[in-house]
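# Need coordinates for the following:
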Amino acid sequence: MFAPGVCLVFVSVFLVCPVNGAAPPPLSVNVHGGGGAGASSLLPSVCRSTVNGSVEIRLPFVDMELSHEHPLYLLREPTEDVLLVLHGHELFQLHVASGGDKRLVRLGELAGRARVLPGASLGAEVVAWRQFLLLAIVHPETLEVYQLPKQQLMADDTQLSFEPIQEFSLAQGFQQMHLLRHPDPEKVLLLLASNYTKSQGRIQTFEWLDTYFNPVEDFFLPAIRTLQVVGLKPLYILTGRSLRGSHSKLVLTVFELEAATMRLRTRQTLTTQARACAGVPLS
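Here you go, the predicted structure:
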């Protein structure tokens with residue numbers, strides 16, 4: 001149920017999962033043209049309040065349908081205006097032509113655990129650094145880092161195979177991973193959050209040093225119920241834990257990333273109603 005005046009933004013890539021036990025191809029794509037039969041019956045995105053106060057929401061056009069066998073991740077690098085699709089160990093780019101035509105271009109494949117266990121990944125993120133794209137993939141017990149050369153990656157008719165350049169073990173109770181762009185474009189921070197026990201959480205940060213991530217901080221805090229990254233300059237990390245004896249209240253802690261030291265400094269701690277935390281998902 002949505003309050004009047006609230007508009008939802010829909011992602012225009014539609015994922016189709018297999019049903020009735022039918023085995024789909026590894027990744028099949030069906031692109032919908034804007035002028036095909038039945039296109040006129042689809043309504044563009046609309047969200048407005050009606051006279052009686054209710055909200056009318058109309059769905060957007062469906063640009064592309066993807067039938068997939070393995071976990072599928074849409075990876076957006078905003079500074080490079082690049083949208084990648086990771087399906088198992090295969091890497092694609094969503095290419096949009098000047099005329100608006102969209103297609104998936106296969107760039108290559110990943111080696112390492114991504115190939116051995118293509119259906120076991122838990123998350124992936126990408127960030128641009130110099131002439132490379134840094135790609136991090138989380139598996140059940142480990143994290144792999146790939147350094148992808150942008151020029152070769154985007155070359156036409158090139159199929160590449162990428163080896164991980166770093167792999168390390170994950171802490172027990174993994175929750176979230178974030179690749180964070182530092183205000184200095186030469187620096188990248190990797191943040192890992194986990195719940196070490198039912199009552200104890202853990203945050204680890206790593207600084208990118210040209211060819212590998214080097215540990216910066218490793219500290220414990222009460223079990224993490226929610227975590228959000230906000231801002232750019234400066235960059236803030238918000239963590240939330242349940243107030244002891246109450247599931248309707250959150251204790252929020254705001255950390256600021258110090259640009260000079262790459263360390264997190266506690267800025268503020270406050271207690272709030274869990275439902276009042278708009279934009280902060282509860283895990």
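# quick one: low-confidence ranges for the stretch 101-250 of the chain?
156-158, 244-247 (pLDDT under 70).
# need the strands for it, in chain order.
102-110, 123-129, 132-138, 142-149, 160-162, 166-169, 174-181, 188-195, 200-208, 213-222, 226-231, 235-242, 249-257 (DSSP state E, counting those that start in this stretch).
# Check which residues of the fourth one are buried.
Right, strand 142-149. 143-148 (16 or more other Cβ atoms under 10 Å). For glycine as for every other residue, the C-beta is placed from the backbone atoms N, C-alpha and C.
# can you redo these as a markdown table with distance to Ser248?
Shown next, in a markdown table, are these (distance: Cβ to Cβ, whole Å):
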| residue | distance to Ser248 |
| --- | --- |
| Leu143 | 34 |
| Glu144 | 39 |
| Val145 | 39 |
| Tyr146 | 42 |
| Gln147 | 45 |
| Leu148 | 44 |
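# which one of these is nearest Asp184?
Here the nearest of the buried residues of strand 142-149 to Asp184, counting by Cβ to Cβ, is Gln147; it sits at 18.7 Å.
# thought that closest one was touching Leu134?
Yes - with contact defined as Cβ atoms under 8 Å, Gln147 reaches Leu134; the gap is 6.2 Å.
# and His139, how far is that from His70?
Here His139 is placed at a distance of 13 Å from His70 (Cβ to Cβ, to the nearest Å).
# Can you give me the neighbour number for Leu107?
Look at Leu107: counted by other Cβ atoms under 10 Å, it has 20 neighbours.
# List the residues that contact it.
84, 91-93, 153-154, 158-160 (Cβ atoms under 8 Å, 6 or more residues apart in numbering).
# Buried members of those residues into PyMOL, please.
Buried residues within those, by 16+ other Cβ under 10 Å, are selected in PyMOL with:
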select buried, resi 84+91+92+93+153+154
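# Across the sheet, point out what pairs with Val188.
Applying DSSP bridges to Val188 yields these beta-bridge partners: Arg181.
# Kindly list the main-chain dihedrals of Glu186?
Note on Glu186: backbone dihedrals following degrees, to the nearest 10 are phi -80, psi -10.
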